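[1] what shape does this take:
(one chain, ligands or ions: 2)
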Amino acid sequence: MSTSDPTASPSTFDLERRVDSADTTLHGQRCAVIALGSNLGNRLDTLQGAVDALADTPGLRIKAVSAVYETEAVGGPDEQPNYYNAVVVLRTSLPPHDLLERGNAIEDAFGRVRTVRWGPRTLDVDILAYEGVTSDDPQLLLPHPRSHERAFVLAPWLDAQPEAELPGHGRVGALLDELGGADAQGVRRRDDIRLTLPE
Ligand SMILES: Nc1ncnc2c1ncn2[C@@H]1O[C@H](COP(=O)(O)OP(=O)(O)OP(=O)(O)O)[C@@H](O)[C@H]1O
Ligand SMILES: Nc1nc2c(c(=O)[nH]1)N=C(CO)CN2
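    Ligands and ions are numbered 1, 2, ... in the order given. Model prediction:
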């Protein structure tokens, strides 16, 4: 992890130790899919910062990043700004809870404040699925229990991984069709902006 990592903290060392041990045990690398969302502040810079921070995580390699989608806020208080949403497909030797911890640290680094449920936020990092893992632990529900009904998740996921399947629900493309497509939920691909992967 580089010293410029905005999430670097003493717990970073803990994380590195766990990554090292995960690398040398049976965990191997598994595929995981992460949803990013932002509807406060500079949404594009924040999503790019989150991609950079994920890419800078030991034991994690990004395989694909979706286009950016501008999406109407679902749930929570009225009159929220639109979100920018994107999905990242990765391979990792981090166990699921460590990946969650890393996602939470990245949210915190970008000023995430938790007030009302589904309220506006600088950054949301959700784990949509983790290869071979289902979990009913409220701290980490896998696959994410609401992803099948959210076009703001399915449209970018399909973009990043056209053959994707949501465990227990089927193909992501079919799920999006069942919702009536991206347009039906106010989800629009923004082809004028994009996220990049660090070299
Ligand atoms: N798959 C998951 N990915 C991320 N957080 C999860 C997951 N499953 C459970 N959680 C838990 O959900 C808690 C609340 O997360 P958060 O406030 O970001 O919810 P939200 O993104 O607003 O709502 P939603 O869960 O509907 O997307 C977190 O503390 C986290 O431990
Ligand atoms: N459009 C949109 N709406 C949301 C989003 C989001 O990322 N995009 N995230 C939520 C909680 O995770 C609740 N509502």
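
[2] for residue 45, grab the count of nearby residues.
    11 (other C-beta atoms under 10 Å). (C-beta placed from N, C-alpha, C; glycine too.)

[3] ditto for residue 105
    Neighbours around residue 105, by other C-beta under 10 Å: 20.

[4] just residue 173 next, same as before
    16.

[5] show the contacting residues for it.
    158, 162, 164 (C-beta atoms under 8 Å, 6 or more residues apart in numbering).

[6] pLDDT score assigned to the nearest residue to the second one once chain neighbours are set aside?
    Spatial nearest neighbour of residue 162, chain neighbours left out: residue 173 (7.2 Å); criterion: C-beta to C-beta, 6 or more residues apart in numbering. Residue 173 carries a pLDDT value of 98.

[7] how far is the helix or strand encompassing residue 173 from where the chain is centred?
    Using DSSP states H and E, residue 173 maps to helix 172-178. Relative to its parent chain, helix 172-178 has a centroid offset of 19 Å by C-alpha atoms, centre = their mean, to the nearest Å.

[8] can you check stretch 68-75 too?
    On C-alpha atoms, centre = their mean, the centre of stretch 68-75 falls 14 Å from that of its chain.
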